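**Student:** 3D, please:
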Amino acid sequence: FRFPRDLHMDDLKSDNAILLGSEESNPWVAVAESTANFRIIARDGMKGATLINTHPRPGESASYVSHWNEPAHETFAVIDYLPNLSGTGHILILQGLDAAGTQAASEMLFHPATIAPILQRATRPGGALRPFEILLRARSLQSSATSTQIIASRIY
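**Tutor:** Modelled structure (predicted):
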């Protein structure tokens, strides 16, 4: 475990890594997710963030917004499992539009029944995982995530 300020570019090239939080709280996420489809973009002046779907598929929205200043609201999160910067390992990124979104992403890893279908599709015949992205929707109730659902995914 290291704080973002203690990481170096070489750490994202030579090791497997887990990055928690969006670019606003962890600037290394911007470097690691540069090729990701689902991207979180901060809005100016404490107005929250928007999740951009750079290549929406039929039935998907091009963007998802959280109204974070309401006590109960819909929020969104992303789980990215991407190659590290040198392609020799992987980076797992758990991030949300707000604290509840990031909580939803991290808790989803502990719900095997929900995440299993995506992991099965991402598993290669030899057992290794292909890179993937999962878009989640959750309900934020006083900054705690509830009712998390997978609403889109990409497997590469």
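
**Student:** R39 belongs to a helix?
**Tutor:** No. Read with DSSP: H, G, I helix; E, B strand; the rest coil, R39 is strand and lies in no helix.

**Student:** Please list all residues in contact with the residue lying closest to it once chain neighbours are set aside.
**Tutor:** Sequence neighbours aside, I52 is the residue nearest to R39 in space, at 4.8 Å (criterion: C-beta to C-beta, 6 or more residues apart in numbering). Yep, even glycine has a C-beta here, placed from its N, CA and C like the rest. I52 makes contacts with 38-41, 62-63, as judged by C-beta atoms under 8 Å, 6 or more residues apart in numbering.

**Student:** JSON lines for the residues you listed, including pLDDT and distance to L85?
**Tutor:** Supplementary listing: the contacts of I52 in JSON lines, determined by pLDDT from 0 to 100; distance: C-beta to C-beta, whole Å:
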{"residue": "F38", "pLDDT": "97", "distance to L85": "19"}
{"residue": "R39", "pLDDT": "94", "distance to L85": "17"}
{"residue": "I40", "pLDDT": "92", "distance to L85": "19"}
{"residue": "I41", "pLDDT": "88", "distance to L85": "21"}
{"residue": "A62", "pLDDT": "98", "distance to L85": "28"}
{"residue": "S63", "pLDDT": "97", "distance to L85": "27"}
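
**Student:** doesn't G48 make contact with W68?
**Tutor:** Yes. Judged on C-beta atoms under 8 Å, W68 makes contact with G48 at a distance of 4.4 Å.

**Student:** okay, and the common contacts of the two?
**Tutor:** 97-98.

**Student:** Pairing-wise in the sheet, spell out the partners of E74.
**Tutor:** R139 (DSSP bridges).

**Student:** Would you mind measuring from D44 to E24?
**Tutor:** Going from D44 to E24 by C-beta to C-beta, to the nearest Å gives 12 Å.

**Student:** For these two, work out which one has more neighbours and name it.
**Tutor:** Neighbour count, other C-beta atoms under 10 Å: between D44 and E24, E24 has more, with 15 against 5.
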